[in-house]
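> This is a predicted model, with the sequence first.
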Amino acid sequence: VNHPVRKIGVLGGGQLARMLAIKGHELGFEMHVLSREASDPAAQVVRMHHVGNPDNPSDLIAFLNRVDVATFESEFLDSQRLIKAADSAQKTVFPLPGLMGELQDRLSQKQLLGKYRLPTLPFTAVSSLPEASAFWREHQGGIVLKKRRFGYDGYGTYHVRKESDLQAAFAKSGAEFFIAEPRVTFKRELAVTLVREKSGAIITFPLVETRQVNSRCFWVKGPVRHRKFSQILLQLKRFVRGIDYVGAIAFELFDLGNNLVINEIAPRVHNSAHYSLDALSLDQFSAHILAVAGRPLPKPQAWSKGFAMVNLLGKSSNAPRLVTPEGVCLHWYGKNENRPGRKMGHLNALAESAEVALQRALKAEKKFTL
Ligand SMILES: Nc1ncnc2c1ncn2[C@@H]1O[C@H](COP(=O)(O)OP(=O)(O)OP(=O)(O)O)[C@@H](O)[C@H]1O
Ligand SMILES: [Mg+2]
């Protein structure tokens with residue numbers, strides 16, 4: 001029997017869960033959140049907040065019993081525990097926890113890319129300093145070491161430009177399991193989000209350029225073009241179909257000039273598509289919720305020729321001074337502590353071109369004391 005989905009659970013309480021909950025409400029769903037603190041960004045916007053740990057089996061089962069279907073904001077949950085909990089509560093989690101598990105590990109993610117012949121940088125698994133040194137000696141331009149699991153916003157990414165950086169990476173990370181890849185000079189970084197319905201239909205959000213500062217997303221602008229994009233898009237669609245993915249999935253790309261290669265995959269809503277909240281007729285959060293609920297997805301239409309997003313990143317641990325600048329849309333996450341580099345909110349701008357929208361959003365960002 002197929003009851004229509006009414007209650008949707010979100011595992012995790014950060015800003016992605018918050019925006020999923022807000023958009024879920026707008027679509028008429030009863031949104032539930034499982035997170036550790038009642039003050040979490042997502043907990044603040046739902047009545048159905050459940051205090052608990054998304055990695056704790058009994059918290060998970062109790063939570064899943066309260067909802068019709070569930071999703072997550074972070075791919076770093078324990079996939080085996082999630083599979084067991086979903087089994088025992090007889091509920092589905094989308095994207096499927098098995099896929100989440102495969103994509104959360106940089107090594108199995110790269111292997112999956114290989115299986116679908118998706119272009120990515122060459123890589124090797126590294127689990128000791130000598131192995132890392134060997135790879136380093138083969139690559140004159142330097143290498144990048146990435147922790148196999150739990151890396152985000154550059155935490156877990158180590159650029160190795162000189163030999164001593166190798167030891168430093170091992171010492172600083174406390175990890176032993178990495179993938180190593182050559183350090184490349186890209187023209188720009190791009191990203192695209194796809195959302196796949198349960199029925200199999202796929203919608204594609206616009207291709208965007210992203211700018212990372214210290215490995216952390218600072219701004220996004222779009223739409224942009226690349227002559228290899230239509231070709232890679234076909235491969236990405238074949239990939240999401242092949243793994244029977246349901247929900248939003250983001251692909252980060254390096255533009256190497258003549259070639260586009262995939263840097264990484266995020267099996268969830270993603271910072272590079274936050275612009276869609278204001279720039280498109282269908283935003284990524286609504287699209288993800290609809291997909292998870294088994295509903296059809298309308299094609300997103302752009303409201304303007306250009307759009308941009310600028311992250312409001314913490315610069316201190318003082319309380320930020322908020323302003324409401326004209327001509328841009330403010331999305332503030334309600335985090336109770338400011339920290340250097342922490343994503344506190346973002347600004348979206350629309351304009352006659354991507355570049356004008358970006359300049360507008362960057363100018364507005366300067367008005368904040370973060
Ligand atoms: N091989 C590489 N060569 C050059 N720069 C790289 C390479 N790999 C990563 N980078 C830079 O570091 C950034 C972060 O790397 P990556 O996206 O792999 O890790 P992350 O910390 O998991 O990021 P995210 O927050 O997107 O999850 C990239 O956006 C890019 O700017
Ligand atoms: Mg990344």
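Okay, I see it. Only a predicted model underlies this, so the values are computations on that prediction, with no experimental measurement involved. Ligands and ions are numbered 1, 2, ... in the order given.

> which parts of the protein sit against ligand 2?
Counting by CB under 5 Å from the ion, the residues of the chain close to ligand 2 are 252, 264. The C-beta positions use only the backbone N, C-alpha and C, and glycine is treated the same way.

> do you know how far the most centrally placed residue in the chain is from residue 110?
Nearest residue to the geometric centre of the chain (CA atoms, centre = their mean): residue 270, 3.0 Å. With distances taken as CB to CB, to the nearest Å, residue 270 is found 19 Å from residue 110.

> residues contacting the nearest residue to residue 283 once chain neighbours are set aside?
Nearest residue to residue 283 in three dimensions, chain neighbours excluded: residue 276, at 4.2 Å (CB to CB, 6 or more residues apart in numbering). Residues near residue 276 by CB atoms under 8 Å, 6 or more residues apart in numbering: 193, 205, 282, 283, 284, 300.

> Neighbours of the last one, how many?
The reference is to residue 300. 22 (other CB atoms under 10 Å).

> swap in the fifth one?
By the measure other CB under 10 Å, the count of residues near residue 284 is 29.

> ditto for the second one
With neighbours defined by other CB under 10 Å, the count for residue 205 comes to 27.

> Then residue 293?
21.

> any idea how far the closest residue to it other than its chain neighbours is from residue 294?
Closest residue in space to residue 293, ignoring its immediate chain neighbours: residue 5 at 4.1 Å, by CB to CB, 6+ apart. Counting by CB to CB, the separation of residue 5 from residue 294 is 6 Å.

> anything in contact with each of these two?
residue 69.

> separation between the nearest residue in space to residue 281 that is not next to it in sequence and ligand 1?
Nearest residue to residue 281 in three dimensions, chain neighbours excluded: residue 301, at 4.4 Å (CB to CB, 6+ apart). Look at residue 301 and ligand 1: by CB to the nearest ligand atom, to the nearest Å, they are 27 Å apart.

> and this structure, which of its residues are near ligand 1?
Counting by CB under 6 Å from any ligand atom, the chain comes close to ligand 1 at 121, 144, 146, 151-154, 156-157, 181, 183-184, 189, 212, 215, 252, 263-264.

> on that earlier part again, which members of the contacts of residue 276 occur in helices, if any?
Per DSSP state H, helices hold the following members of these: residue 284.

> what's the neighbour count on the closest residue to residue 205 other than its chain neighbours?
Among residues not flanking residue 205 along the chain, residue 193 sits closest, at 4.3 Å (CB to CB, 6+ apart). Using other CB under 10 Å, residue 193 has 25 neighbouring residues.

> can you give me the helices for the stretch 251-370 of the chain?
Per DSSP state H, counting those that start in this stretch, the stretch 251-370 of the chain carries helices over the ranges 276-279, 284-292, 354-365.

> So which other helices or strands are in contact with the lowest-mean-pLDDT helix or strand in the chain?
Lowest on mean pLDDT, DSSP states H and E among the helices and strands of the chain sits helix 163-173, with a mean of 86. The contact analysis (3 or more CB pairs under 8 Å, 6 or more residues apart in numbering; DSSP states H and E) places helix 163-173 against helix 129-138, strand 143-147, strand 157-160.

> Pull the distance from it to the chain's centre.
Mean-position distance between helix 163-173 and its chain equals 27 Å (CA atoms, centre = their mean, to the nearest Å).

> After that helix, which helix or strand is next?
Next along the chain after helix 163-173, taking DSSP states H and E as the criterion, comes strand 178-182.

> Given that next one, what are its sheet partners and their directions?
Paired neighbours of strand 178-182 in the sheet (DSSP bridges): strand 124-126 (antiparallel), strand 143-147 (antiparallel).

> quick check: longest helix of the protein.
Max-length helix for the chain by DSSP H is helix 229-242.

> Averaged pLDDT, that helix. What do you get?
The pLDDT scores in helix 229-242 average 98.

> Who are the packing partners of that helix?
Using 3+ CB pairs under 8 Å, 6+ apart, helix 229-242 sits against strand 188-196, strand 202-204, strand 247-255, strand 260-266.

> for residue 358, what are its contacts?
219, 221, 308, 310, 349.

> contacting residues around stretch 59-68?
3, 5-9, 11, 32, 34, 48, 50, 52-54, 70, 81-82, 85-86, 88-89, 91, 93.

> Let me fix that, I meant to ask about stretch 313-327.
Counting by CB under 8 Å, 6+ apart, residues outside stretch 313-327 touching it are 216, 218, 312, 330, 332, 337-344, 347, 349, 360, 364, 367-370.

> rerun that using 10 Å as the cut-off
153, 213-214, 216-218, 312, 330, 332, 335-347, 349-351, 360-361, 363-370 (CB atoms under 10 Å, 6 or more residues apart in numbering).

> so of the contacts of stretch 59-68, which ones are in helices?
81, 82, 85, 86, 88, 89.

> Residue 25 in helix, strand or coil?
helix (DSSP: H, G, I helix; E, B strand; the rest coil).

> what sits against it?
So residue 25 contacts 8, 31, 45, 46, 47, 289 (CB under 10 Å, 6+ apart).

> can we see that at 7 Å?
Each residue near residue 25 by CB atoms under 7 Å, 6 or more residues apart in numbering is listed here: residue 31.
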